[in-house]
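In: what's the 3D shape of this:
(one chain, ligands or ions: 1)
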Amino acid sequence: MLDSKMEIALNQQVNAELWSSYLYLSMSYDMDSKGYEGMAFWFASQAKEEFEHASRFMKFIGEMDGKVSLMPIEEVQQTWNAPIDAFEDTLKHEKVVTQRIHKLMDLAIELKDYPTQSMLKWFVDEQVEEEDTARKIIDVLKKIESSPAGLYALDKKLGKRA
Ligand code: FEO
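Out: Sure, this is the predicted structure:
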């Protein structure tokens, strides 16, 4: 049985994950409109992953006999000057998500809610990976930013995301 404080916090996280999905979808279509097909594919895959994160939280709330409450999803930015701006915003956003996950863990510990702690462990690990991936792409982008050939090669590489 979920404590009502935890239920509210988990539902807020569902909304945050759906917003993340919306944000990356926006980045995907913006990259597509600028001719970066590989990056568009990369962001579309990221958007799908975020939807899966939201689904993971919703499934858990249901399994814990809680109530999933779907709230409005706020508007997202529509355009970025260059790929590096989108990836820098990605890293910035993922750091915020990491803080959110850690706060959820703090609450689960405070409430002695062991099932939620166990479920959140996956997200703690996932955030390490998410930040690392974005940081690595930014590092490459910084090196090749003024090279069209370099950007082309990176775009091709990101289009092969599994
Ligand atoms: Fe669901 Fe990218 O964190």
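In: need the pLDDT of residue 123.
Out: We have a pLDDT of 98 for residue 123.
In: secondary structure element for it, which one?
Out: In the assignment (DSSP states H and E), residue 123 maps to helix 114-144.
In: residue 37 contacts residue 159, correct?
Out: Yes: here residue 37 lies in contact with residue 159, judged by CB atoms under 8 Å, at a distance of 6.1 Å. All C-beta atoms are positioned from the backbone trio N, CA, C, and that covers glycine.
In: which single residue of this protein ends up nearest the ligand?
Out: residue 53 (3.7 Å; CB to the nearest ligand atom).
In: how deep is the spatially closest residue to that residue that is not a sequence neighbour tucked in, by neighbour count?
Out: Of all residues not flanking residue 53 in the chain, residue 17 sits nearest, at 4.3 Å (CB to CB, 6 or more residues apart in numbering). For residue 17, the number of neighbouring residues by other CB atoms under 10 Å comes to 23.
In: any buried residues in the helix or strand containing residue 17, and which?
Out: Per DSSP H and E: residue 17 is located in helix 4-33. Residues of helix 4-33 classed as buried: 6-7, 9-11, 13-28, 30-31 (neighbour count, 16 or more other CB atoms under 10 Å).
In: those residues: which ones sit near the ligand?
Out: 17, 20 (CB under 6 Å from any ligand atom).
In: residues in the chain within reach of the ligand, list them.
Out: Going by CB under 6 Å from any ligand atom, the residues of the chain near the ligand are 17, 20, 50, 53, 94, 97, 130.
In: what helix or strand is the nearest residue to residue 143 once chain neighbours are set aside on?
Out: Nearest non-adjacent residue to residue 143, counting by CB to CB, 6+ apart: residue 150, 7.3 Å away. Assigned by DSSP H and E, residue 150 belongs to helix 148-158.
In: what's in contact with that helix?
Out: Residues from elsewhere that reach helix 148-158 (CB atoms under 8 Å, 6 or more residues apart in numbering): 36-39, 41-42, 83, 137, 140-141, 143-145.
In: let's see that with 6 Å instead.
Out: Outside helix 148-158, the residues that touch it by CB atoms under 6 Å, 6 or more residues apart in numbering are 36, 38, 39, 42, 140, 144.
In: any idea how far the residue nearest to residue 53 lies from residue 142?
Out: 29 Å (CB to CB, to the nearest Å).
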